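> Let's see this in three dimensions:
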Amino acid sequence: MDNVAIFKALGEPTRLRILRLLLKTGKEACGCELVDSILTPQYNLTKHIDVLMAAGLIKSRKEGRWVYYSACPDCSPFCVSICKVIQEAEEKIYQADLGRFKKRLSIREEGKCLLGIQNKKFTT
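Residues are numbered from 1 along each chain as shown. Next up, the predicted model:
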């Protein structure tokens, strides 16, 4: 894992928000749930997730038509240290993301996202 890639990935506020949400909750999140929590369109979220995955900060798992993302627990000691710092960041935007994420998780069916994006602003 390239430390420069990690810092580049974390140099963008939306990517920090995505990673912090996954780290802070310790939960997997479907792309739909992240769209509704971070309040960013799917195409934008996908670009940010690709950068985070390339840096080795998150991983994905496909289940049916859904893709679930989680923070990589098996990264280098350097990465683990950076992730601890990110979890401790306290800004209003992070608290709002977390609130939306918890609300979004509450509508899962049998622990799974089956409904797609719920925020009408981001549906077509």
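
> low-confidence ranges in the chain?
Scanning the chain for pLDDT under 70 picks out 1, 73-74, 123-124.

> what helix or strand is the residue positioned nearest the centre of it on?
The chain has I18 as the residue nearest its centroid, 3.4 Å off, counting by C-alpha atoms, centre = their mean. I18 is part of helix 13-25 when elements are defined by DSSP states H and E.

> Packing partners of that helix?
helix 3-10, helix 31-38, helix 42-54, strand 58-63, strand 66-71, helix 77-88, helix 92-105 (3 or more C-beta pairs under 8 Å, 6 or more residues apart in numbering; DSSP states H and E). (Each C-beta comes from the backbone N, C-alpha and C, glycine too.)

> Packed most tightly, which of the ones you listed would that be?
The highest average neighbour count among the helices and strands packed on helix 13-25, using mean count of other C-beta atoms under 10 Å, belongs to helix 31-38 at a mean of 24.

> could you give the angle of the helix holding I18 to helix 31-38?
Interaxial angle, helix 13-25 versus helix 31-38 (axes from the mean of the first three to the mean of the last three C-alpha atoms, to 10 degrees): 110 degrees.

> Buried residues, helix 13-25. List them.
14-25 (16 or more other C-beta atoms under 10 Å).

> picking that back up, would you format the helices and strands packed on helix 13-25 as TSV with distance to N119 included?
Output for those, formatted as TSV (distance: least, C-beta to C-beta, whole Å):
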stretch	distance to N119
helix 3-10	25
helix 31-38	5
helix 42-54	11
strand 58-63	21
strand 66-71	17
helix 77-88	25
helix 92-105	9
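
> what's the closest of those to Q118?
Using C-beta to C-beta as the measure, helix 31-38 is the one of those that comes nearest Q118, at 5.3 Å.

> tell me the angle that closest one makes with strand 58-63.
130 degrees.

> what's next to helix 31-38, contact-wise?
Under the contact criterion C-beta atoms under 8 Å, 6 or more residues apart in numbering, helix 31-38 has outside partners 14, 17-18, 21, 29, 41-42, 45-46, 49, 66-67, 69, 97, 100-101, 104-105, 113, 115-119, 122.

> Lovely, talk soon.
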